[in-house]
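Student: Below is the sequence, then the predicted model.
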Amino acid sequence: MTTPLMKVRRLAGRLLCCGAALEFAAAVYVALFGSFASQLGPISIRGGSGTKLFAIAVLATCAAVWLLRPFQSAARQSRLAFMCRSAAYLALIAGVANLIAPFVLQNFLFSQDGAVHQTYAYLFDRALRQGQFPVRWVEGVGYGKGQPLFNYYQVGLYYVIALIHACGPSLSLSFKLAISFAWLGGTFFTFLWLNPLGRFPAVLGAALFAWSPYVMLDAYVRTAYPELLAVALVPAVFWSLDRTLRTGHPIFSCALALTTGLLLISHLPASLIVAPVCALYVLGSWVMYRHPQRQLVLVALGVTIGVGLASFHIIPAILELDAIQIRSLTREALDYHRHFIVPTAWLDWDWGYASSGTTGPNHMSFQIGIIQWLAIIAAAIRLVVLTIRRDGRAWPVAGWLSVFGGTLFMTTGAAVHLWDRVAPLAFLQFPWRFLIVPTIACSALAALVLASLRDQTNQALIVVCAIALQWSVTRDYRLPAWTRPRAAITIDVPGWWASRNAQIFGFREPAYDPVSVTDTSPIGAERWATTTARAEIVPLLQNDAQLVLRVEAQEEAGLTVRMPFFRGWRLTLDDTAITPTIQPGTGFMTLQVPAGSHRVEARFTNTPVRTVANAIAVLSIFSWVLLLYHARRKWTPS
């Protein structure tokens, strides 16, 4: 029997189908011929944005399918369900492809970080090819500009680029692929992490991660690619944590070690932000599900091995921090007191490219995202309902909402006393970096809410609608990545460091200079200089971490090695270790060479701290291999 309500539902569904067809047609017209405007009696018809028209058409289509599906035969309902589910997957794939497409165009995106990471990728690759491993000291863009850059600066991205480069692609293509793989990987691991809640809740969570405004801010505006890699690794850490706790299988503990280690060497500030959330996740999971002690031991083992794998970098970076001028990165324009944001910024949909701390129409966006806010509102409603029912499923929702609120609090000036009391927070520089966590929290909350729906077809329809909305509302955020001028940075040229292009685009951060450097020196023609013209110097070996010279002096000569002194540099004269004189201002190493023929060598070596750190990393590799071997044995989960 057909009720009046059913008639209204069928009529509404048919009207929506007609409206969707018109919107699709308008979107196609705008795509082919541009915007249009016409008048139909008193009705004004306009079409300006094809993306918006397409999104409206998708929303209308999904609503029509939901309204009309009950009136279809069983066979047709089955076909509709298959189409809707396929559309959800295809929408996610197409959306992510659209997001990363600007990176594979000719030349490089050029924004706030300029050519920082292209310069670093070139210097890192050059040092690695010279045999320096792990890479710590690099000669800069020009002689006399050497630094212990990678003894401190996050190296994860550059090892990934080097790995891709070793497989055949050029350095510039490897750079672009690394960024693209990071974004794809973060989306994929978000899906894997949330998959126990259901496939389509996981797809929705992955979509919210991929289209997160903060991820797009890192990729398009800040071009902060090491942090982008770290943000992409966070879902991988949660996935490995979750599976270790759920299954107790050592293979996931191995995965946890790898993801933890890579996160630590990719971006220490992001690791500092995420670590408490990971600890709360483990604690909350243990309280809710009372995991056996074995699972907790495997989590601790995975994290410990992961920290050990990263120790070759993080131990010297922390313990030798006083040997460089890193404190300059926490003063003046980079003082965190200047970068707190007001809560209204979370709801400001403007998108600009100006630096942090500036105001005006082109200011940087610190929004949470429209779809992300909808997920938060839905999660809050879901929490109220579950709490009234005294349902235990309220705890994960409450936990992620608390994490979301707590990290937003850390971005505001109200948290300044906490920032002042916890000294390491100063190295985060920007309080809004805590927006990394809402990116993850919104994905988890969206998946938890959608999992409350049992009908997978309706879940798929919601996923398609969410992606269509994100595609539309972020149009103005993505468009500049296609239209802004791009930089032709020619890092594929082997001698790029000495080229005119490098003089234009090359970057050097003085904060990584040794403390012996107190002023800047001009770029020299060679890596050495003498105090007399009556000495002939022949370079026998020259790379970033080693310089060997043959000196033919007719009289005693002063020799300056144009590299700033730093812990680990060792000078020898005819294989006898000598203590150089440190030149004031430049920090260059000088020595006296007697008359005659002599061999002078400057070699960058490990300090005791680096030796211990390297040893811990090697032991951790062996431990990881043993754990992996154990994981391969047949084992039944408890």
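Tutor: Everything's here; your move.
Student: how many neighbours does residue 246 have?
Tutor: For residue 246, the count of nearby residues is 15 (other Cβ atoms under 10 Å). Yep, even glycine has a C-beta here, placed from its N, CA and C like the rest.
Student: That one contacts residue 196, doesn't it?
Tutor: Yes: shown here, residue 246 and residue 196 form a contact pair, counting by Cβ atoms under 8 Å, at 7.2 Å.
Student: low-confidence ranges in this structure?
Tutor: Across the chain, the ranges flagged by pLDDT under 70 are 1, 39-47, 520-525, 633-638.
Student: how does it divide into domains?
Tutor: Described in terms of automatic domain parsing, the domain architecture of the chain consists of the residue ranges 168-485, 528-605.
Student: What's the end-to-end length of the longest one?
Tutor: By that I understand domain 168-485. Looking at domain 168-485, the gap from its leading to its trailing residue is 28 Å under the measure Cα to Cα, to the nearest Å.
Student: so how far is residue 458 from residue 75?
Tutor: With distances taken as Cβ to Cβ, to the nearest Å, residue 75 is found 19 Å from residue 458.
Student: The two: which has the busier surroundings?
Tutor: Relative neighbour count places residue 458 above the other of residue 75 and residue 458, with 18 against 8, counting by other Cβ under 10 Å.
Student: Now do the contacts for the more buried one.
Tutor: Listed by Cβ atoms under 8 Å, 6 or more residues apart in numbering, the contact partners of residue 458 are residue 66.
Student: secondary structure element for it?
Tutor: Of the helices and strands defined by DSSP states H and E, residue 458 is found in helix 456-473.
Student: And residue 179, by the same measure?
Tutor: helix 171-194.
Student: So which bits of that helix are buried?
Tutor: Taking 16 or more other Cβ atoms under 10 Å as the basis for neighbour counts, the residues of helix 171-194 that come out buried are 171-172, 174-184, 186-194.
Student: Stretch 270-286 too?
Tutor: For stretch 270-286, burial by neighbour count (16+ other Cβ under 10 Å) applies to 270, 271, 272, 273, 274, 277, 278, 281, 282, 284, 285, 286.
Student: what's the spacing between the residue nearest to residue 367 when sequence neighbours are not counted and residue 470?
Tutor: Distances taken as Cβ to Cβ, 6 or more residues apart in numbering place residue 213 nearest to residue 367, at 5.1 Å, with adjacent residues excluded. Shown here: residue 213 relative to residue 470, a distance of 10 Å by Cβ to Cβ.
Student: Repeat that for residue 101.
Tutor: Here the distance between residue 101 and residue 470 works out to 16 Å (Cβ to Cβ).
Student: what about the two, which has more around it?
Tutor: Between residue 101 and residue 470, residue 470 has the larger neighbour count (other Cβ under 10 Å), namely 24 against 13.
Student: ok, now which ones touch that one?
Tutor: For residue 470, the residues meeting the contact criterion (Cβ under 8 Å, 6+ apart) are 95, 207, 208, 211, 369, 371.
Student: most neighbours, which of those residues?
Tutor: Busiest of the contacts of residue 470 [other Cβ under 10 Å] is residue 208, holding 29 neighbours.
Student: Report the angle between the helix or strand hosting that residue and helix 456-473.
Tutor: According to DSSP H and E, residue 208 maps onto helix 199-210. Orientation check (axes from the mean of the first three to the mean of the last three Cα atoms, to 10 degrees): helix 199-210 against helix 456-473 gives 10 degrees.
Student: which strands and helices sit next to helix 199-210?
Tutor: Helices and strands touching helix 199-210, as assessed by 3 or more Cβ pairs under 8 Å, 6 or more residues apart in numbering; DSSP states H and E, comprise helix 74-100, helix 171-194, helix 370-388, helix 436-450, helix 456-473.
Student: right, and the helix or strand after that helix?
Tutor: Counting by DSSP H and E, the next helix or strand C-terminal to helix 199-210 is helix 213-216.
Student: now the helices for the stretch 501-638 of the chain?
Tutor: Per DSSP state H, counting those that start in this stretch, the stretch 501-638 of the chain has helices spanning 608-632. These are given in chain order.
Student: what ranges do the strands span in it?
Tutor: The residue ranges that make up the strands of the stretch 501-638 of the chain, judged by DSSP state E, counting those that start in this stretch, are 528-530, 535-543, 546-553, 557-564, 569-573, 576-578, 581-582, 588-593, 596-604.
Student: which of those sits most buried?
Tutor: strand 557-564 (a mean of 22; mean count of other Cβ atoms under 10 Å).
Student: Partner strands of that one, with direction?
Tutor: On the basis of DSSP bridges, the sheet neighbours of strand 557-564 come out as strand 528-530 (antiparallel), strand 588-593 (antiparallel).
Student: that older thread, number of nearby residues for the residue nearest to residue 367?
Tutor: Look at residue 213: counted by other Cβ under 10 Å, it has 26 neighbours.
Student: Touching, it and residue 369? I think so.
Tutor: Yes: the pair residue 213 / residue 369 is scored as a contact, 4.6 Å apart, by Cβ under 8 Å.
Student: Now do the shared contacts for residue 213 and residue 470.
Tutor: residue 369.
Student: quick one: residue 326 from residue 147, how far?
Tutor: Here the distance between residue 326 and residue 147 works out to 12 Å (Cβ to Cβ).
Student: Now the common contact residues for these two.
Tutor: With contacts taken as Cβ under 8 Å, 6+ apart, residue 326 and residue 147 have residue 512 as neighbours in common.
Student: Out of the buried residues of stretch 270-286, which is nearest to residue 485?
Tutor: residue 270 (29.1 Å; Cβ to Cβ).
Student: How many neighbouring residues does the nearest residue to the closest one once chain neighbours are set aside have?
Tutor: With Cβ to Cβ, 6+ apart as the criterion, residue 270 has its nearest non-adjacent residue at 3.8 Å, and that residue is residue 230. Taking other Cβ under 10 Å as the neighbour definition, residue 230 ends up with a count of 30.
Student: Same check on residue 307?
Tutor: Residues lying near residue 307 (other Cβ under 10 Å) number 18.
Student: Would you pull up how far the helix or strand that contains it lies from the middle of the chain?
Tutor: In the assignment (DSSP H and E), residue 307 maps to helix 293-319. Taking Cα atoms, centre = their mean, to the nearest Å, one finds the center of helix 293-319 at 20 Å from the center of the full chain.
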